[in-house]
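>>> Sequence plus the predicted model coming up.
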Amino acid sequence: MGSRVAIPARLLRDPGHFLALGFGSGLVPFAPGTAGTVAAIPVFLLLQSLGWTVYMAVTVVLFVLGIYLCGRTAKTLAVHDHPGIVWDEVVGYLVTMVLVPATPVLIITGFVFFRLFDIWKPWPIRKLDAGVGGGLGIMLDDILAGVYAAAFVQTIMAVQILPSQFLQ
């Protein structure tokens, strides 16, 4: 996690920085990663409504784009993984929600599991977070947190831990 270097407001005028900063959600003073994940929910709803093939393709494109965007913003701020860079949370949440119906309970469940794994960083997430630099390093730990969270959400759906009305 990077230090709390001030983010100049002018960065939001640049479309690349605006995206890397999670549509501005990364500027909140407390828990910017959580705010970035909240900003991901409308993106999920938009993509989910387009069908899963489009969802998957766009998520891959957003990941690749994120490597560039996050790396560029980190260089501009001169901080490797500034807390305000939250595009990785946006894409990580999209990974969490692959093939998940857009029900309120599942949206919240995915949110909670993604935040848990993103904050906790179990092996090998912590190792990747510490060992891979640049935009790829910023993106990878959140993608892996999304994979872990997706496994939990898919398990909940498969074993029907939640009542069926929440899954439809």
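Structure received.
>>> For this structure, which segments count as helices?
Here the chain has its helices, by DSSP state H, at 15-20, 32-48, 52-77, 87-96, 104-120, 125-131, 134-158, 164-167.
>>> Give me the helix or strand of this structure that scores worst on average pLDDT.
The weakest-scoring helix or strand in the chain, judged by mean pLDDT, DSSP states H and E, is helix 164-167 (a mean of 59).
>>> Quick one: neighbours of the residue nearest to Tyr55 when sequence neighbours are not counted, just the number.
Excluding its sequence neighbours, the residue lying closest to Tyr55 (CB to CB, 6 or more residues apart in numbering) is Leu47, at 4.6 Å. C-betas here are computed from N, CA, C, even on glycine. Per other CB atoms under 10 Å, the neighbour tally for Leu47 reads 20.
>>> my guess is Leu47 meets Met56, correct?
No: in this structure, Leu47 is not within contact of Met56 by CB atoms under 8 Å, at 9.1 Å.
>>> Could you check the pLDDT of the spatially most central residue of the chain?
The centroid of the chain falls nearest to Glu89 when counting by CA atoms, centre = their mean (2.0 Å). What the model reports for Glu89 is a pLDDT of 98.
>>> so how far is Thr103 from the residue nearest to it when sequence neighbours are not counted?
Closest residue to Glu89 apart from its sequence neighbours, by CB to CB, 6+ apart: Gly36 at 3.7 Å. According to CB to CB, to the nearest Å, Gly36 and Thr103 sit 22 Å apart.
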